[in-house]
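> Need coordinates for the below:
(one chain, ligands or ions: 1)
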Amino acid sequence: MTKGTLPLALTLSLAAAPAAAGAPPRWWLDEPVRLVQTNVREVDSTLDARRLVEQVAEFPANTLLFNMGGIVAQYPTRVAFHYPSAHLPPGHDLFGEVLHEAHARKIRVVGRFDLSKTQKPVFDAHPEWFFRRSTGEPAVYNGLYSACINGGYYREHALRILGEALERYDVDGLFFNMFGNPSADYSGRPMGPCHCDACKARFEVLYRRPLPESDRDPEYRAFLAESAREVAATIGELIHRLRPGAAFLTYIAEHTDVIMHESNTSVTRPLPQWPYSASDNVNRSRSSQPDKMVINLCMSFVDYPWRFVTVPPAEVRLRLHQSLAHGGPPALAMLGTMDQEDRSALLAARPVFQWHARHEDLYVGQRSAARVLLLPGERDSYRGIFRLLSEQHIPFAVSDAPAGGAWDLVIAPRGAPAELERFVRDGGRLLVAGAVEPAFPVRPVVARRPHTQGSWRIHDHALFPSLANTNLLFLDGEYAELSPLEKPLLTLVPPAMFGPPEKVWVDKLETDIPGLAFADIGRGRVAWIPWDVGGLYYRHSSPGHAGLIADVIDSLLPSGRQLRTNAHPLVEVTVMRQFEQDRTLVHLVNASGHADTAYFEPIEMRDVAIDLAGDFTRARAMRLGEALAVTRSGGRSRFTLPRLGAYEVVVLGAR
Ligand SMILES: [Zn+2]
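As a prediction, the model looks like this:
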């Protein structure tokens, strides 16, 4: 059996990276974390710190993300252009009290900053620090002026604000909301590109053209991302210098210790919902950056206008279980204190936090043990294959860079980067989907054809056992016309008459245009489905498309699937490794309560049989509290979980 090794960044891998000798401890990676964010308002400055911390402790959380400064400081700051809450009584230090009370109970505190907006006197004194619309007007929202990521507030003055905070308070980390220039304000009003002098000059130097009209311009987006990375580098350096052992947390991957994500909802977001959001966020960032932690905040509220009304309890629990199953901590965010008007999200999350507290050793140091790598791509194409892999119970890691590690199979949902050629030549297996030609030769392309509503005729049913009951699949989209194969697998049936019924397909033609091609390259093998099968599956869930992808995967896998199971497609199964404990964890997340826009309690499953590659001598279902009988043969281990509620984790050991 040969396996390709990806050439990029070979030093990175999903294997455990021991902390360098003498390096400060990394609580976010090496200790169990249960995080609650109480995102308090300026009027909450008089809250009872002891009571809040007691509620956090009893929840039970061990990490509190709490407001510190930026738009409103919850401590008596003395830095110019930084303002304590108008509701903070004189001499009162809310953040200091919360920190003191929390540390007394061994609860970590991460201070929250928001540097994206501030008050009018700062704008009056330093208008050059602020975001400018194309009209030259500042962006003002509820009286607050938007700062620009390239202005002096973010780039210089912030360091004075943060320096004071870090010198005065023994924080365990700093978190930044809205890091950089957002594309829209809280009401959804587009911001457009910033036309401040700093942005104009920097963009002109970097891209040798004026600022674009649209902030969707790819170069402008790259410019904004690079600007945020530059500021992150200076803030990260400051945090690590002044508070070694404190973490830098925000929504970007570079220079941070903890990559933040959110599972959230919006009433204006187009359907379908993405019920795998927590799995997606945590899997992708943990696998891309295994030396960083990922915290996926479960946002309690429905949308900005309804900050105090929560999403369904089963949705909250599903997100938290998904996070655990991919190596992230449980993290719940709410607006205001823990005295919520709608208690649903807190009540839903609490049992998950209680479970985590009783079994916290299960959730430290987890790394994906998946043998298949999924590369990100265009959203629908990526999500379609993501969901299919989950439904098929094929454990997979998602990584932004195809970095390091030996994989049984790499899947590229839309085109394939040039770096993958080496992987294939060295013996790797690759599935490429989509009409975008891979960056290295796989099969001669005659032409890229525009949107087509045709069909694919199946010729080789032996290759497609999942498609035994059909001769046709549907195509709705563009395709790359490949040169004909000697032995056709799938061929195009071009659009033909479809109405009235008397005329349907009367003019139908058959072609030899391939809908799938295999190529042997070097010692490896590539399958190319030259149309957007992932996007079609995401939108329509056709079993034909699912069967095609699954059968092609099975034909590529050098030694079969890592995991086989009779589990329902809506049970997500992950395989994780804890190297220090020398054990493997199989997580099962039951998403059978999700239907359309609704989340109900999942349906209990019975007798879930698991057959996993690897020699394991014992299995214990932690949720059930039962040892499971394990049988072994041919390098595989089999066990059956008698019952599955919303979540289970089976611990497998080899001794
Ligand atoms: Zn600007």
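> L159: which element?
helix 158-168 (DSSP states H and E).
> Could you point out the helix or strand that follows that helix?
strand 173-176.
> before we move on, the earlier item: buried residues in the helix holding L159, which are they?
A158, L159, I161, L162, E164, A165, L166, R168 (16 or more other CB atoms under 10 Å). Just so you know, the C-beta spots here come from the backbone N, C-alpha and C atoms, and that holds for glycine as well.
> Please apply the same query to stretch 111-129.
For stretch 111-129, by 16+ other CB under 10 Å, it's G111, R112, F113, D114, L115, S116, K117, T118, V122, F123, H126, W129.
> Quick check: end-to-end length of stretch 257-271?
Length of stretch 257-271, first residue to last, CA to CA, to the nearest Å: 33 Å.
> Let me know the average pLDDT across it.
Average pLDDT, stretch 257-271: 97.
> Would you pull up how far it lies from the middle of the chain?
Relative to its parent chain, stretch 257-271 has a centroid offset of 9 Å by CA atoms, centre = their mean, to the nearest Å.
> and that stretch, which residues are buried?
Neighbour-count burial for stretch 257-271 [16+ other CB under 10 Å]: D257, V258, I259, M260, H261, E262, S263, N264, T265.
> contacts with the ion among the residues you listed, please.
Among these, no residue lies close to the ion (CB under 5 Å from the ion).
> In helices only, show me the buried residues of stretch 111-129.
V122, F123 (DSSP state H).
> Dump the buried residues of helix 158-168 into TSV; add pLDDT as well.
Output for the buried residues of helix 158-168, formatted as TSV (pLDDT from 0 to 100):
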residue	pLDDT
A158	98
L159	98
I161	98
L162	98
E164	98
A165	98
L166	98
R168	98
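> For the ion, state which of these is nearest.
Nearest to the ion among these: A158, at 14.6 Å, using CB to the ion.
> For the closest one, give me its contacts.
Neighbouring residues of A158 by CB atoms under 8 Å, 6 or more residues apart in numbering: L115, V231, I235.
> run the last query once more with 10 Å
Residues in contact with A158 (CB atoms under 10 Å, 6 or more residues apart in numbering) are 69-70, 79, 82, 113, 115, 147, 152, 176, 231, 234-235, 238.
> Of those residues, keep whichever come out buried.
G69, G70, V79, H82, F113, L115, A147, F176, V231, T234, I235, L238.
> In helices only, show me the residues you listed.
V231, T234, I235, L238.
> which bits of the chain sit near the ion?
Neighbours of the ion within the chain, by CB under 5 Å from the ion: C148, N150, C194, C196, C199.
> The third one - how many residues pack around it?
This points to C194. Counted by other CB atoms under 10 Å, the residues lying close to C194 total 28.
> quick one: it and F203 touch, right?
Yes - counting by CB atoms under 10 Å, C194 does reach F203; the two are 9.3 Å apart.
> Now for those two: what residues contact both?
Looking at what touches both C194 and F203 (by CB under 10 Å, 6+ apart), the common residues are N150, L211, Y220, F223, L224, S227.
> Just confirm the fourth one is within a strand.
This points to F223. No - assignment of F223 by DSSP: H, G, I helix; E, B strand; the rest coil gives helix, placing it outside any strand.
> Please name the residues that touch it.
149-150, 193-194, 199, 202-203, 206-207, 211-212, 215, 217.
> who wins for neighbours among the residues you listed?
Ranked by neighbour count (other CB under 10 Å), those have I149 at the top, with 30 neighbours.
> wait, what's in contact with that residue?
So I149 contacts 115-116, 131, 155, 178-182, 194, 196, 198-199, 223-232 (CB under 10 Å, 6+ apart).
> go on, L652?
Taking CB under 10 Å, 6+ apart as the test, what L652 contacts is 575, 577, 583-586, 610, 612, 614-620, 628, 630, 637, 639.
> again, but for Y83
Neighbouring residues of Y83 by CB under 10 Å, 6+ apart: E42, G69, G70, I71, V72, A73, T77, T118, Q119, P121, V122.
> How much space separates G614 from S541?
Distance of G614 to S541, computed by CB to CB, to the nearest Å: 32 Å.
> excluding its backbone neighbours, what's nearest V651?
Nearest residue to V651 in three dimensions, chain neighbours excluded: R620, at 4.9 Å (CB to CB, 6 or more residues apart in numbering).
> Show the end-to-end separation of stretch 625-632, please.
End-to-end distance for stretch 625-632, by CA to CA: 22 Å.
> what's it in contact with?
Here stretch 625-632 makes contact (CB under 10 Å, 6+ apart) with 610-612, 614-621, 637-643, 650-653.
> Would you mark the buried spots in it?
L628, V630.
> pLDDT of it, averaged?
Computed over stretch 625-632, the mean pLDDT rounds to 98.
> so where's the stretch 151-300 of the chain shaky on pLDDT?
Within the stretch 151-300 of the chain, no stretch has pLDDT under 70.
> swap in the chain?
Under the criterion pLDDT under 70, the flagged ranges of the chain are 1-21, 402-405.
> Which strand in it has the most residues?
strand 445-458 (DSSP state E).
> Within its sheet, name the partner strands of it and how each one runs.
Strand 445-458 pairs in its sheet with strand 472-482 (antiparallel), strand 490-493 (antiparallel), by DSSP bridges.
> Turn the ones you listed into a markdown table, including mean neighbour count.
Listed next are these as a markdown table, based on neighbours: other CB atoms under 10 Å:
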| stretch | mean neighbour count |
| --- | --- |
| strand 472-482 | 20 |
| strand 490-493 | 22 |
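> possible to save those as CSV with distance to S559?
Output for the strands paired with strand 445-458, formatted as CSV (distance: least, CB to CB, whole Å):
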stretch, distance to S559
strand 472-482, 28
strand 490-493, 26
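> Could you work out the end-to-end span of stretch 142-160 for me?
25 Å.
> Stretch 204-223 now?
Start and end residues of stretch 204-223 are separated by 11 Å (CA to CA).
> for stretch 538-545, same thing?
End to end - CA to CA - stretch 538-545 spans 10 Å.
> ok, now stretch 459-478?
End-to-end for stretch 459-478, by CA to CA: 21 Å.
> Over to stretch 536-549?
Counting by CA to CA, you get 12 Å between the two ends of stretch 536-549.
> Can you list the buried residues in it?
Under 16+ other CB under 10 Å, the buried positions of stretch 536-549 are L536, Y537, Y538, R539, S542, G544, H545, A546, G547, L548, I549.
> Now go through these and say which are in helices.
Of these, the ones assigned to helices by DSSP H are L536, Y537, Y538, R539, G544, H545, A546, G547, L548, I549.
> What's the separation between the closest residue to P212 other than its chain neighbours and L335?
Distance criterion CB to CB, 6+ apart; nearest residue to P212, sequence neighbours excluded, is Y220 at 5.2 Å. As defined by CB to CB, Y220 lies at a distance of 31 Å from L335.
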